[in-house]
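>>> Sharing a model that was predicted from the sequence below.
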Amino acid sequence: MPATYFDHNATTPLDPRVREAMEPWLGELHGNPASLHAFGQTARDATEVARERVASLLGATPAELVFMASATEANNAVLLGCAWKAEFKGHLVVSAIEHPSVWEPAMALQDAGMAVSWVEPDGQGRIASEQVLAEVREDTRLVCLMLANNEVGTLQPVEQVGAGCRELGVPVLCDAVQAIGKVPVDSRDLTVDYLSVGAHKFYGPLGAAALWVRRGATFQPLLRGGSQERQRRAGTVNVPAVVGFGKAAELAADELEARGDRMQELRDRFETGLGRISDVVVHARSTQRLPNTSHIALLGADSEALLIRLDLAGFAVSSGSACSSGTVEPSRTLLAMGVSEKEASCSLRISLGPRNTSQEVDAFLDVLDREVTELRRLSSVPGS
Ligand SMILES: Cc1ncc(COP(=O)(O)O)c(C=O)c1O
């Protein structure tokens, strides 16, 4: 049986139309965009077309975009650049449910002496804009709030935080990685200063991402060397990946609504179908969330064991916990939402894509029901 992929928040398959756009750059075409000869100029033209396409998806001006190798790099560049400029003094406001690519550098800056206010979410995984704004102080250097949480999918009030911070004169980093390609995002409406995006979350290639830096916002490069990307990111641009990024952005813009409707239809079918399984909690169900993400706890069924059983049965999903240093830790996001460790250890993330089918969802529900029943039975057997 071919495996069914329900882990689109981790990464997405490459769209064949994106691969087709990239192929010449993996074969007959090559060139360094910084070179003055025709090879270089062709490469440069291709990256500029891609820049326009990504900018158009984000409602940005092409010159505001800095191509990078990953969204992790983009987020690190903002946090570390800001700290560098502030001489590692001052204060940051960071939501407690940020992706590790924001959370970890913020932790490192805290260790290096900066003050950090961590803003906790409510039980649905939503951060209150008032709470973020209340933490802003005279010496606040940066506020970090993601647009959509990668685990539970909750959408965050970035627009309100952006507007409030603009009035207070404090820059905002918005990690928009999970939202782009799933819900409409316009950088101008968000009133933020930095926005990160990664191609592989919406059918583009790995190795291509961008940081949008609002015109007029200060920016210190993380990587120094050549003068690429208007001296904002040294290093030769990954032309094939950037070309693919541009194509993926163009397709996402054209198909955004249809993809969103399709994913939501499948997600709703899945969550309605869960009614047949007992003791299931759907996290963040009563708040605005991504149309493709269903985060559930199957009480009494250990998620690591379940994930392996589902994988063997041909379904790829993600567990609600993170593997760090060889031990399985409960999800930081779930704990911040007030979910108990026990419930967190029984959590799964199902993240759908528009090419999944209702037959796949139905088949998954059958297998999930069977495997959860079996796991619960085994865990109730003494000594098992
Ligand atoms: C919300 C969010 N931000 C940032 C990233 C980092 O992306 P990458 O691992 O491609 O650098 C991810 C990846 O899962 C993410 O979900």
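Received, thanks. Numbering: from 1, shown residues only.

>>> so residue 62 touches residue 53, yeah?
No. Using CB atoms under 8 Å, residue 62 makes no contact with residue 53, being 9.1 Å away. C-beta: built from backbone N, CA, C; applies to glycine.

>>> Beyond the lowest-mean-pLDDT helix or strand in the chain, next helix or strand please.
Lowest mean confidence among the helices and strands of the chain (mean pLDDT, DSSP states H and E): strand 321-324, at a mean of 54. Following strand 321-324 in sequence order, the next helix or strand is strand 327-330 (DSSP states H and E).

>>> tell me how far whatever helix or strand comes next after that next one is from the chain's mean position?
As assigned by DSSP H and E, the chain's next helix or strand after strand 327-330 is helix 332-336. The chain centroid and the centroid of helix 332-336 are separated by 16 Å under CA atoms, centre = their mean, to the nearest Å.

>>> Show me what the mean pLDDT comes to for the helix ranked longest in the chain.
Using DSSP state H to define each element, the chain has its longest helix at helix 239-273. The pLDDT scores in helix 239-273 average 98.

>>> Return the list of helices and strands in contact with that helix.
helix 16-22, helix 38-58, strand 293-298, helix 358-380 (3 or more CB pairs under 8 Å, 6 or more residues apart in numbering; DSSP states H and E).

>>> and these as CSV, adding mean neighbour count and distance to residue 139?
Conversion of those to CSV gives the following (neighbours: other CB atoms under 10 Å; distance: least, CB to CB, whole Å):
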stretch, mean neighbour count, distance to residue 139
helix 16-22, 17, 44
helix 38-58, 19, 30
strand 293-298, 25, 36
helix 358-380, 16, 50
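
>>> Let me have the ones you listed in TSV, adding distance to residue 211 as columns.
Listed next are these as TSV, based on distance: least, CB to CB, whole Å:
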stretch	distance to residue 211
helix 16-22	21
helix 38-58	11
strand 293-298	24
helix 358-380	35
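
>>> could I get the ones you listed as JSON lines with distance to residue 116 and mean pLDDT?
Converted to JSON lines, these look like this (distance: least, CB to CB, whole Å; pLDDT from 0 to 100):
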{"stretch": "helix 16-22", "distance to residue 116": "38", "mean pLDDT": "98"}
{"stretch": "helix 38-58", "distance to residue 116": "28", "mean pLDDT": "98"}
{"stretch": "strand 293-298", "distance to residue 116": "26", "mean pLDDT": "97"}
{"stretch": "helix 358-380", "distance to residue 116": "39", "mean pLDDT": "96"}
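
>>> I'd like to know which of these lies nearest to the ligand.
Ranking these by their distance to the ligand (criterion: CB to the nearest ligand atom) puts strand 293-298 first, at 10.8 Å.

>>> Return the mean pLDDT over the next helix-or-strand element following that closest one, rounded to an integer.
Sequence-wise, the next helix or strand downstream of strand 293-298 (DSSP H and E) is helix 303-312. Averaging pLDDT along helix 303-312 yields 96.

>>> relative to strand 293-298, how tilted is helix 303-312?
120 degrees (axes from the mean of the first three to the mean of the last three CA atoms, to 10 degrees).

>>> Going by contacts, tell me the helices and strands next to helix 303-312.
strand 318-319, strand 347-351, helix 358-380.

>>> Can you lay out those as a markdown table showing distance to residue 170?
Shown next, in a markdown table, are the helices and strands packed on helix 303-312 (distance: least, CB to CB, whole Å):
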| stretch | distance to residue 170 |
| --- | --- |
| strand 318-319 | 34 |
| strand 347-351 | 32 |
| helix 358-380 | 43 |
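
>>> Save those as TSV, and put in distance to the ligand too.
Listed next are the helices and strands packed on helix 303-312 as TSV, based on distance: least, CB to the nearest ligand atom, whole Å:
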stretch	distance to the ligand
strand 318-319	10
strand 347-351	10
helix 358-380	22
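
>>> Tell me which of these sits nearest to residue 300.
When the helices and strands packed on helix 303-312 are compared for distance to residue 300 using CB to CB, the nearest one is helix 358-380, at 4.7 Å.

>>> got the angle for that closest one vs helix 239-273?
Using the same axes, to 10 degrees: helix 358-380 against helix 239-273 is 70 degrees.

>>> so how far is residue 56 from the residue nearest to residue 239 when sequence neighbours are not counted?
In space, and not counting its chain neighbours, residue 239 is closest to residue 43: 5.0 Å by CB to CB, 6 or more residues apart in numbering. Using CB to CB, to the nearest Å, residue 43 is found at 21 Å from residue 56.

>>> what comes into contact with stretch 206-219?
If you take CB atoms under 8 Å, 6 or more residues apart in numbering as the criterion, stretch 206-219 is touched by 11, 54, 58, 60-61, 63-71, 73-74, 77-78, 81, 85, 171, 187, 192-200, 232-233, 238, 241-242, 244-245.

>>> Tell me how many other residues surround residue 235.
15 (other CB atoms under 10 Å).

>>> Make 41 the first number, not 1, from now on.
In the new count, where the first residue is 41, that last one comes out as residue 275.

>>> With adjacent residues omitted, what lies nearest to it?
Per CB to CB, 6+ apart, closest to residue 275 is residue 263, 5.7 Å.

>>> Who are the contact partners of that neighbour?
113, 117, 273, 274, 275 are the contacts of residue 263 under CB under 8 Å, 6+ apart.

>>> Then it would be within a strand, right?
No. The assignment for residue 263, made by DSSP: H, G, I helix; E, B strand; the rest coil, is coil rather than a strand.
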